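Student: Fold the following for me, if possible:
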Amino acid sequence: MMTTAHTISSGTSANPTLSSSSSSCSSSMTVPVLIAGGGPVGLYEAYLLTKMGIQVHIIDREMGPSPFSRAIGIHSRSMEILQMSGLIDEFLAQGQSMTDFSFFMGPKKVATIPFLGERSSTHYGFVLALEQARTSNILIKELDKLGVRVNYGWELLDTKVVEESGHHTFVETTIRRALSCEDTTANGRKPIGEVSPLDEQAGREYEMQVVRSEYLVAADGGRSTVRHKLNIGFPGRTLINKVMLCDGTFECDMELTGMTFIHGVNKKTLLAFSLSEGITRFVLEAGQMEPDEDISATLQDITIEKFEELANAIIAPAKLKVKESKWLTIFRVNERRAEHFVHKNRIFLAGDSAHVHSPAGGQGLNTGLQDAHNLAWKLAFVLNKVAPEALLETYQEREAMADRAIALSSKLLNRNIEMGVISLIRRRIFYALSPIIVPIMKAFGYEPEVSMLDIHYKENTLNMAHATQAAPAAEFQVG
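Tutor: Numbering: from 1, shown residues only. Just a heads-up that it's a prediction; the model follows:
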């Protein structure tokens, strides 16, 4: 155990205080904020806190940034907070703006519909197509400029809130790093691209650390170790539908640019999204799980040929052929939300550790970035003694936002994979009435809530209206 004094500085030094223990492979450290998880949510949290003068230590169990594209869309509200954070220019420079999508019935284009609609008032009336790997790289480079690096290869083993005499409370977290590790992502087939330490073996040596922090931000993903260690429930459901995803270059009889929704005569749907460097993301429904089916085994069996077979059945009589695959995977959708996001006002769940759902609508990454944005300024205010610790309790308002994201993505997924006679009738009605429906959709957009511009928090002490308050007359920057 460490013997460092209770007071933890919120200074901006990039290197937390380390003290060697009796073992050559063990140490301890103190830091105001420990961040578990080096994905976009953890990186953005680290960036925001560092910019506000708070020292952070960020760890990730993988051996380096994930190379996989994963989430690919940044929505209007997220772009607004990136503007507030001073990051928007780099994101816009690396991403591609998509303002509308094409709607097909089989190989026939029915309509081109704007994503947000003509009545939208945001400065960012589009979806920014940007692969998650690029998002992470932007944030890593920005952190590097600030003297902060991600500590890769460190696995969180345990964490707890400690209350000492004198009413001082802190978080104690044990982490370790295997002195030899293996990369399990060589074949690119893992659904989330994990890199894991070798299984425990007799005589294997680990470097251990005990981290003492004022606060812990758990951005460690859907299988969050922090959430499990704290016994925070993760209720919800796992759908029986399988979703196949392929990123690559292709040849096709159809024009697939920007965002494309194709409803096939076989009552299934193919979605296509143009990414950078000529890459296209394809997503399609790949049937239902059998009672005794193991998704891990299914993952090992998927092939480009199987993807082409399913895709061509949807777009028939047109044909699609994959020239080069960058990523091919299959997964089941989980819809789950942590029972609470705040533990003893010291540990906070953010991103996938707090909520997971279908990729339909691209709500996951965006909700996570907004979690980080909501939490960062509150932590900074408390650590800089500008606000009382009670401010941190308001982070629980993000729970309702997670519920919203889960409900919306579930609705969109069900719309895309619905099957049977009723589905076919609905699509034929849309086709027949498109001269009437499309002008309405051009005014209001296809699915305006996907942009997340309609998000409003329930009234609390932070956002109550007062008669003496007036809205600012012009735009202003925060941070």
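Student: Grab the most central residue of the protein for me.
Tutor: Note on the chain: the residue nearest the mean C-alpha position is L365, at 2.6 Å, using Cα atoms, centre = their mean.
Student: From F91, how far out is that one?
Tutor: To F91, L365 is 12 Å away according to Cβ to Cβ, to the nearest Å. Quick note: C-beta positions are derived from backbone N, CA and C, even for glycine.
Student: Equivalent analysis for N312, please.
Tutor: Counting by Cβ to Cβ - N312 and F91 are separated by 35 Å.
Student: ditto for A219
Tutor: Taking Cβ to Cβ, one finds A219 at 19 Å from F91.
Student: What score does L284 have for pLDDT?
Tutor: What the model reports as pLDDT for L284 is 90.
Student: my bad, should have said T122
Tutor: T122 is assigned a pLDDT of 78 by the prediction.
Student: again, but for P191
Tutor: Looking at P191, its pLDDT reads 35.
Student: Break down the stretch 251-400 of the chain into its strands, ranges please.
Tutor: Taking DSSP state E, counting those that start in this stretch as the test, the strands found in the stretch 251-400 of the chain are 259-263, 269-274, 280-288, 320-337, 342-343, 347-349, 355-356.
Student: any idea of the mean pLDDT in stretch 345-360?
Tutor: Here the average pLDDT along stretch 345-360 is 93.
Student: To R176, which of the strands of the stretch 251-400 of the chain lies closest?
Tutor: Among these, the nearest to R176 by Cβ to Cβ is strand 347-349 (19.1 Å).
Student: Spell out, range by range, the helices that occur in the stretch 251-400 of the chain.
Tutor: In the stretch 251-400 of the chain, the helices defined using DSSP state H, counting those that start in this stretch lie at 295-301, 304-315, 363-383, 398-417.
Student: winner for burial among the ones you listed?
Tutor: Of all those, helix 363-383 has the most neighbours on average by mean count of other Cβ atoms under 10 Å, namely a mean of 24.
Student: where in the stretch 1-150 of the chain is pLDDT low?
Tutor: Low-confidence segments of the stretch 1-150 of the chain, defined by pLDDT under 70: 1-25, 117-120.
Student: 50 instead?
Tutor: For the stretch 1-150 of the chain, applying pLDDT under 50 flags the ranges 1-15, 17-24.
Student: Q55: neighbour count?
Tutor: 23 (other Cβ atoms under 10 Å).
Student: again but with H167, I slipped
Tutor: Neighbourhood size, H167 [other Cβ under 10 Å]: 6.
Student: SS state for it?
Tutor: Per DSSP: H, G, I helix; E, B strand; the rest coil, the secondary structure class of H167 is coil.
Student: Which neighbours do L365 and F91 have in common?
Tutor: Counting by Cβ atoms under 8 Å, 6 or more residues apart in numbering, the shared contacts of L365 and F91 are I74, T135.
Student: Leaving out sequence neighbours, find the closest residue to the residue nearest to the centre of the chain.
Tutor: Nearest residue to L365, sequence neighbours excluded (Cβ to Cβ, 6 or more residues apart in numbering): A71, at 3.7 Å.
Student: how much space between the one you found and S78?
Tutor: 11 Å.
Student: What of V210?
Tutor: Taken as Cβ to Cβ, the span from V210 to S78 is 35 Å.
Student: Who has more neighbours out of those two?
Tutor: S78 (25 against 19).
Student: nearest residue to that one other than its sequence neighbours?
Tutor: N366 (4.6 Å).
Student: Which residues does the helix or strand where A93 lies contact?
Tutor: Per DSSP states H and E, A93 falls inside helix 88-94. For helix 88-94, the surrounding residues in contact (Cβ under 8 Å, 6+ apart) are I74, M79, L82, L128, L130, R134, T135, I138, E142, S276.
Student: Let's see that with 6 Å instead.
Tutor: Helix 88-94 is touched from outside by L82, R134, I138, with contacts defined as Cβ atoms under 6 Å, 6 or more residues apart in numbering.
Student: Repeat that for stretch 209-229.
Tutor: Residues contacting stretch 209-229 (Cβ under 6 Å, 6+ apart): 8, 27-37, 41-42, 45, 156, 158-159, 170-175, 346-353, 356, 379.
Student: ok, now which ones touch Q363?
Tutor: Q363 is in contact with A405, S409, counting by Cβ under 6 Å, 6+ apart.
Student: ok, back up a step: more neighbours: A219 and F91, which one.
Tutor: Set A219 next to F91 and count neighbours by other Cβ under 10 Å: A219 wins out with 31 against 20.
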